[in-house]
Each structure stands twice: as C-alpha cells, then as structure tokens.
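>>> Here is a sequence together with a model predicted from it:
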Amino acid sequence: AYSPEDRKTFILKTLLTSDSNTSISKLSSLLHVSRASIHNDLDLCEQWLRNYNISLIKNTSNGLRVVAKEKNIRKALGDLIYADKEYIDTEKLLSLKANYLSTLPSIKAFNDILSINFNELREIIFSVKELNFESYSDESILFLLIHLAISINRIKKNNPIGITSKSQNLLMRNSNYKYVEIISEKLREQYNIPMEQNEIAYFHLLILGLKFCSNDNLDIKSHQESFYYSTCTLIVVDIINSWEKILDAPFSKDEKLLTSLVLHLTPVIHRLRYSLPITNPILSEIKTTYPRSYRVASCAAKIIKEYTGFKAPEEEIGYLALHLVSAIDRQEKPLNTVLVCHSSISVSELLCSKIKTECPHIEIVSCLSLNSVSEYDFSSTDLVITTVPTHLDIDCEVISVNTLLKKEDVSRLNNLVKKLYSKKNSLV
C-alpha cells in the first residue's frame, strides 16, 4: 500500500521520466486509489514542481505531462531520491540489491535509476587519480554518483542536457577538463551511451560543485583556477565583516574562517550559476540546534546575490551557519577560575588536575590559600572553587567542593560550569 507521500513521489517520478503522456486513470489503477485521490495528489505535485520551474500540463484528452528544461528535471529527480534522507540512509539505499529495492514503496519508482551498480560507477570515476576524488566529502561523492546515475538514465532515453557553447568553452579551458573527458569515455564504453560535449560539460559542472572534506593537504592552486575564486574571496570578506558587526566578535582575524568559506563558496557559486542541486539533509537540525547562528548566517544570502545575482537557498544558508558556529567555537573563552585550597601543594595539584579533567571549559588561573584571598584581584575571575566554606565579597560565582572532588562535587560543578560557560559564550 502506498502512503500519500509515496503516491506523490511515484506520480512525480512518473511525470518526470515518462516518454509519453500519463493519464489520471492509469495512475489511479497503478496506485489502487480513486481518481479523486489522484486529483488531490496532482495539486500537491504541481506545487512541488513549481519550485523547479517545471510546469504540469493537464489536458482532458491527451493526459498529463511536464514541460521544463532538462537540467531542472535532473535536479528534481535528484531531490526526490534524497527526499529528506540523511547521508547514511541514502548510502544504504544505494547499496541494496535491485530485487529488494523493488519491494520498497517509497523508492520503487526509482528502480530503473537506482538499480545501477554504484560500486562499479564509483570505481570508474575514482580510476582517474588526477581529479583527486579522495579529497571530496563522502556526501559530495554520493551526490555525484546519484546525479551520474540520473544522467545515464536520461541519456539512454534520449534526453540530453542543455549547456550553452559559451559555458562549454569556459569549462574546456579548465586544466582538469581533459581528465573529465577520460572518465566520460569510460562511461560511454561501460553503459553504451553517447557522451557528447554538452554531457561532458555537465559532468564537469557536477564535479566543480563538489565540496571538500577538509582544508588539510588541499591543492589550493587547482581550486584557485575556478572562474569564481576571486569573486568568492570578495564575497567572503563582506560576509565575515557583516557577521563581525552583528555578533561583535573579531572574525576578520580568523584566517581559517576566511579560507574555509572561500573554498566552500567557490563550488556553491558554480551550482547556483548553472542551477545545479544543493542539498542539505541536516537543515532542520541546524535550524533547531543553532537558531541564532542560522539567522545571522542568513545575511550572507543578500551579499551573495549582490555580487552574483544568484539567490542562495536555505540549504546553503544552513551550511554557512555551520561555518559560523565553528568560528564562534574558536572564539569561545574558558572560565577564568581561581582555586582556593586549604591543603598542601600536593593536594592542590591533584585537585587542579582532577578539575581540568572533569571540566575542560575551566582554566585555573591561580591557586590560593585561604590567607591570601583578601589580597587577590578577582575582577577578571568567572568562578571560584574552594575546599572550605567561606564568604567572599566578590562579583562571581563561588562553589565549595571536597578536596578529593567526589562524584557529587563533579555533578554540581559541571552544572554550574555549563551555565556560566554558556552565558560567557552566548554568540551561537
């Protein structure tokens, strides 16, 4: 039995991949529901298709069909396959056997695309070492495999992609283009499909839109060859300045943030320029966990549009929010803590060691005896930990613990530290 969401997915895939018009009666028969239910489903499908600039044509005599550019159809198919799945779920989906796939209602519609041997496809693209696919994130490789499978399926059905000659000429000037051609030839031989220059250019665009898994050991020089690298640098400087102004934090001194954002945005601009898919399976989690960072990161969309004319979708804002969260983490400051201990040096040192182990957000700046407390300047202190109950006339939190830092002490201390640390580092 199909759920309403399964029916919607099935109808969308049927409309997007069918070589001929589809009738409401046929859909009703295939899905075992009434024509009225199909009409309701089609209203939802039409709303969904508008997000991809795809028109649904309804004709009483000729049935249903969609009208759109091929790149929009491929993008829509890719998003349907992801369909809010997280990376692990999608990766597992690709590793399933074809006969098992056919029993799952939610993906049954995609059997002809997903039945391809993805391990074989992966071996083909990784066979050309010069493109350094190992440096890309697993999520990006999965994205590439899915969209290659869609492309292969569409080419077999004689639905070529449209790429302007100007774009093709620009891509052909990239030093990696010859390696993309080598892989394309292997795809042609393996899957018996024509790989014309427009499809090779589209494949190259998919690669240019991939995200790196790390900045470490990255060939920056090859990345700087991108058409948008210099523009991205200007965009990122403005984004960082806007974040710095909003949060009053010195992000402009964070070189890692600058480098990471430029390397992140360069492939993103490629995707926006050529209307390639941008997916973010953890977007809702980002919004829930880091609501303020997401709101602050949203200002980047306006800056990106001012420079490029392209509108960054919320999926991309989610990724920028994660860069902002990481930058904030690097800005965070530990709690300046003073330890007041009445025992010997050995006991004090043991207690210091235990506190550092149990509470990594604490930095013990001084260890005092009770007699020296009155002479100490507590103006920059966030927390005082004392082994003896004492009244201190100071403007910071004070907590008493046992000299051996027992289990209950650790629990109380961690609760207090969590509250104080969050208050001190409240940028997120």
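That came through, no problem.
>>> what's near enough to touch Asn159?
Taking CB atoms under 8 Å, 6 or more residues apart in numbering, we find Asn159 in contact with Glu70, Ile73. Quick note: C-beta positions are derived from backbone N, CA and C, even for glycine.
>>> Next, it: secondary structure please.
Using DSSP: H, G, I helix; E, B strand; the rest coil, the structure places Asn159 in coil.
>>> gap between it and Leu206?
For Asn159, the distance to Leu206 equals 16 Å [CB to CB, to the nearest Å].
>>> what do you get for Ile155?
14 Å.
>>> go on, Arg188?
Taking CB to CB, one finds Arg188 at 16 Å from Leu206.
>>> Tell me which of those two has more neighbours.
Leu206 (23 against 16; other CB atoms under 10 Å).
>>> Quick check: pLDDT value at the more buried one.
Reported pLDDT at Leu206 in the predicted model: 89.
>>> Would you pull up how far the helix or strand containing it lies from the middle of the chain?
Following DSSP states H and E, one finds Leu206 within helix 197-208. Mean-position distance between helix 197-208 and its chain equals 22 Å (CA atoms, centre = their mean, to the nearest Å).
>>> neighbouring contacts of it?
71, 131, 143-144, 147-148, 151, 155, 160-163, 167-168, 171-172, 174, 176-177, 180-181, 183-184, 226, 267, 270, 274, 276.
>>> just stretch 348-357 next, same as before
Contacts with stretch 348-357, where a contact means CB under 8 Å, 6+ apart, come from 337, 339, 341, 362, 364, 367, 385, 387, 401, 403-405, 413.
>>> Any chance of TSV for the residues you listed, columns secondary structure and neighbour count?
As requested, the contacts of stretch 348-357 are arranged in TSV below (DSSP: H, G, I helix; E, B strand; the rest coil; neighbours: other CB atoms under 10 Å):
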residue	secondary structure	neighbour count
Thr337	strand	26
Leu339	strand	20
Cys341	coil	22
Ile362	strand	23
Ile364	strand	20
Cys367	strand	17
Ile385	strand	26
Thr387	coil	21
Val401	coil	20
Thr403	coil	17
Leu404	coil	11
Leu405	coil	21
Leu413	helix	19
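>>> Distance to Lys305 and pLDDT for those - can I get that in JSON lines?
Below are these laid out as JSON lines (distance: CB to CB, whole Å; pLDDT from 0 to 100):
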{"residue": "Thr337", "distance to Lys305": "46", "pLDDT": "94"}
{"residue": "Leu339", "distance to Lys305": "52", "pLDDT": "93"}
{"residue": "Cys341", "distance to Lys305": "58", "pLDDT": "88"}
{"residue": "Ile362", "distance to Lys305": "44", "pLDDT": "91"}
{"residue": "Ile364", "distance to Lys305": "48", "pLDDT": "93"}
{"residue": "Cys367", "distance to Lys305": "54", "pLDDT": "90"}
{"residue": "Ile385", "distance to Lys305": "51", "pLDDT": "93"}
{"residue": "Thr387", "distance to Lys305": "59", "pLDDT": "89"}
{"residue": "Val401", "distance to Lys305": "54", "pLDDT": "92"}
{"residue": "Thr403", "distance to Lys305": "60", "pLDDT": "88"}
{"residue": "Leu404", "distance to Lys305": "60", "pLDDT": "88"}
{"residue": "Leu405", "distance to Lys305": "54", "pLDDT": "91"}
{"residue": "Leu413", "distance to Lys305": "48", "pLDDT": "95"}
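>>> Tell me the spacing between the closest residue to Phe251 other than its chain neighbours and Ile317.
Leaving aside its sequence neighbours, Phe251 sits nearest to Glu244 (CB to CB, 6 or more residues apart in numbering; 4.5 Å). Distance of Glu244 to Ile317, computed by CB to CB: 18 Å.
>>> Please apply the same query to Ser137.
Relative to Ile317, Ser137 is positioned 18 Å away (criterion: CB to CB).
>>> what's the answer for Glu397, then?
As judged by CB to CB, Glu397 and Ile317 stand 37 Å apart.
>>> quick one: which of the two has more around it?
Neighbour count, other CB under 10 Å: between Glu397 and Ile317, Ile317 has more, with 21 against 16.
>>> show me the residues around the more buried one that make contact.
Residues in contact with Ile317 (CB under 8 Å, 6+ apart) are Tyr294, Ala297, Ser298, Ala300, Ala301.
>>> switch to 6 Å and redo it
Contacts here follow CB atoms under 6 Å, 6 or more residues apart in numbering; on that basis Ile317 touches Ala297, Ser298.
>>> Mind telling me what element it is part of?
Short version, using DSSP H and E: Ile317 is in helix 314-331.
>>> Sort out which residues of that helix are buried, please.
Buried residues in helix 314-331, counted by 16 or more other CB atoms under 10 Å: 315-325, 327-328, 331.
>>> so how far is that helix off the chain centroid?
What separates the centre of helix 314-331 from the centre of its chain is 10 Å, taken as CA atoms, centre = their mean.
>>> okay, that helix in PDB with CA atoms only?
Taking Å, rounded to 0.1, in the frame of the first residue of the first chain, the C-alpha atoms of helix 314-331 are listed here in PDB:
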ATOM      1  CA  GLU A 314      18.100  27.900   2.700                       C
ATOM      2  CA  GLU A 315      20.100  24.600   2.300                       C
ATOM      3  CA  GLU A 316      23.200  26.700   1.600                       C
ATOM      4  CA  ILE A 317      22.500  29.100   4.500                       C
ATOM      5  CA  GLY A 318      22.500  26.000   6.700                       C
ATOM      6  CA  TYR A 319      26.000  25.100   5.700                       C
ATOM      7  CA  LEU A 320      27.200  28.700   6.100                       C
ATOM      8  CA  ALA A 321      25.700  28.600   9.600                       C
ATOM      9  CA  LEU A 322      27.900  25.600  10.500                       C
ATOM     10  CA  HIS A 323      31.000  27.600   9.400                       C
ATOM     11  CA  LEU A 324      29.800  30.400  11.700                       C
ATOM     12  CA  VAL A 325      29.300  28.000  14.600                       C
ATOM     13  CA  SER A 326      32.800  26.700  14.100                       C
ATOM     14  CA  ALA A 327      34.200  30.200  14.100                       C
ATOM     15  CA  ILE A 328      32.300  31.000  17.200                       C
ATOM     16  CA  ASP A 329      33.700  27.900  18.900                       C
ATOM     17  CA  ARG A 330      37.200  29.200  18.100                       C
ATOM     18  CA  GLN A 331      36.300  32.500  19.700                       C
END
